[in-house]
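Undergrad: prediction below, plus the sequence it came from.
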2 protein chains.
Amino acid sequence: MLTIGTLSKKTGTKVQTIRYYEQIGLMPEPGRTEGGQRRYDNAQLDRLSFIRHSRQLGFSLDAIRELLDLSDQPNRPCEEADAIARRQLKQVEQRMARLKALRTELKRMVHECSGGRTADCKVLEVLRDHSECLTEHDEIGA
Amino acid sequence: MLTIGTLSKKTGTKVQTIRYYEQIGLMPEPGRTEGGQRRYDNAQLDRLSFIRHSRQLGFSLDAIRELLDLSDQPNRPCEEADAIARRQLKQVEQRMARLKALRTELKRMVHECSGGRTADCKVLEVLRDHSECLTEHDEIGA
DNA sequence: GCTTGAACCTCTAGTAGCTAGAGGATGTAG
DNA sequence: CTACATCCTCTAGCTACTAGAGGTTCAAGC
């Protein structure tokens, strides 16, 4: 029987976060002591590890919910899990492409700045005038 | 004199977002008609363009606030603006590095999945067992 | 058995950067 | 002068947590 603090240390998840996962139904309600404190077993430790690892790979909580559901049904075809992972891979690749464009633009800005007054600052100038951009970077967000 | 809708179209910013920027003090309070509707001038259009362009380059609203302040003081040395841009560049590079590691791991997962039952699914297996990972990917978040 | 203090509990509110909707007022074209 | 697109304010919601207040429980040491 593990306390929430032990689970926290073993998985590198903050205590509050574990309770949050329970609240949104990602973690099951654990048993309680007479005094009302949560006690976990190894199945729940595994589940939390799964969640954490998936988060580290960038999966959304919704995606993780799907993956956990699939994981609970061993006889279903694994295409769905595969599709979720592919979707995630695609997202990561899109984000990388966008960041690459941003990096190009930022590098250019920084390199052109010669360190005078803000009035002549290339950085600010580029930000003021989008038409100076060489790359497209239309989307906002990570 | 531009309505908020016109400003919205010209900058590709949602009307609600413009009002939000005003609320948090990033955009100045504009003039109003007798009936209370906002009316903007070209200086405000420029400011909003600056904000939007900076957002597209991934700057946080706080960073943009600093950049706008600097932009308003033409005689200060531009080192600060330069530093903000460099900081942003660094962040972008860090995020790229992390995404690269994620991509590697996701690719491996997806390629190893041979399409059987979920019980044998490589995707789920990898998620279950962190020790199978070849790459480090300790941080959560974009 | 009793005390102490770390760890637990619930609840609320805050973070970034918006976005959506309710319910009502205004402005302008025909 | 009417219709209706656009505007107004206000509140609440999104993701994925995180922090803190104020109070209770557990386990170890004496």
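TA: Noted; the coordinates are in hand.

Undergrad: now A:Gly36. Its backbone dihedrals?
TA: phi 100, psi 10 (degrees, to the nearest 10).

Undergrad: just the element for the closest residue to DNA strand C within chain A, please.
TA: Here the residue of chain A nearest DNA strand C is A:Gly5; by CB to the nearest atom of the strand that distance is 2.4 Å. Backbone N, C-alpha and C define where each C-beta goes, glycine included. For A:Gly5, the host element (DSSP states H and E) is helix A:4-11.

Undergrad: which residues of chain A lie near DNA strand D?
TA: Neighbours of DNA strand D within chain A, by CB under 7 Å from any atom of the strand: A:14, A:16-17, A:20, A:33-37, A:55, A:60-62.

Undergrad: quick one on the thing from earlier: the residue of chain A closest to DNA strand C and A:Val15 touch, don't they?
TA: Yes. When contacts are counted by CB atoms under 8 Å, A:Gly5 is listed as touching A:Val15 (6.3 Å).

Undergrad: how far does the helix or strand just after the helix holding A:Gly5 sit from the chain's center?
TA: Next in sequence after helix A:4-11, counting helices and strands by DSSP H and E, comes helix A:15-23. Centre-to-centre, helix A:15-23 and its host chain are 16 Å apart (CA atoms, centre = their mean, to the nearest Å).

Undergrad: and the angle from helix A:15-23 to helix A:4-11?
TA: 100 degrees (axes from the mean of the first three to the mean of the last three CA atoms, to 10 degrees).

Undergrad: which other helices and strands contact helix A:15-23?
TA: Under the contact definition 3 or more CB pairs under 8 Å, 6 or more residues apart in numbering or on different chains; DSSP states H and E, helix A:15-23 sits against helix A:4-11, helix A:42-56.

Undergrad: tell me which of those sits most buried.
TA: helix A:42-56 (a mean of 18; mean count of other CB atoms under 10 Å in any protein chain shown).

Undergrad: and it, does that touch chain B?
TA: Yes. Among the residues of helix A:42-56, A:Asp46, A:Ser49, A:Phe50, A:Arg52, A:His53, A:Ser54, A:Arg55, A:Gln56 lie within reach of chain B under CB under 8 Å from any CB of the partner chain.

Undergrad: one step back: quick one, which of the residues of chain A next to DNA strand D are buried?
TA: Buried by 16 or more other CB atoms under 10 Å in any protein chain shown: A:Thr17, A:Arg55, out of the residues of chain A next to DNA strand D.

Undergrad: about what we covered before: which stretch among the helices and strands packed on helix A:15-23 comes nearest B:Met27?
TA: Proximity to B:Met27, assessed across those by CB to CB, is greatest for helix A:42-56 (35.3 Å).

Undergrad: pull the residues that contact the closest one.
TA: A:2, A:7, A:10-13, A:18, A:21, A:26-28, A:30, A:61, A:63-64, A:67-68, A:71, B:127-128, B:130, B:137-140 (CB atoms under 8 Å, 6 or more residues apart in numbering or on different chains).

Undergrad: got the contact list for the residue most central in space within chain A?
TA: By CA atoms, centre = their mean, chain A has its centre lying nearest to A:Gly58, at 3.7 Å. Counting by CB under 8 Å, 6+ apart, A:Gly58 makes contact with A:Gln88, A:Gln91, A:Val92, B:Leu102, B:Ala142.

Undergrad: from the chain's centroid, how far away is the helix or strand of chain A with the lowest mean pLDDT?
TA: Using mean pLDDT, DSSP states H and E, helix A:122-128 stands out as the lowest-scoring helix or strand of chain A, at a mean of 89. How far helix A:122-128 lies from its chain's middle: 31 Å, per CA atoms, centre = their mean.

Undergrad: other SSEs contacting it?
TA: Helix A:122-128 is packed against helix A:79-112, helix B:42-56, helix B:61-71, helix B:79-112, with contacts defined by 3+ CB pairs under 8 Å, 6+ apart.

Undergrad: on that earlier part again, wait, which of the contacts of A:Gly58 is closest to DNA strand D?
TA: B:Ala142 (9.1 Å).

Undergrad: now tabulate the residues of helix A:42-56 next to chain B in JSON lines and tack on pLDDT.
TA: Shown next, in JSON lines, are the residues of helix A:42-56 next to chain B (pLDDT from 0 to 100):
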{"residue": "A:Asp46", "pLDDT": "96"}
{"residue": "A:Ser49", "pLDDT": "96"}
{"residue": "A:Phe50", "pLDDT": "96"}
{"residue": "A:Arg52", "pLDDT": "95"}
{"residue": "A:His53", "pLDDT": "94"}
{"residue": "A:Ser54", "pLDDT": "95"}
{"residue": "A:Arg55", "pLDDT": "95"}
{"residue": "A:Gln56", "pLDDT": "92"}
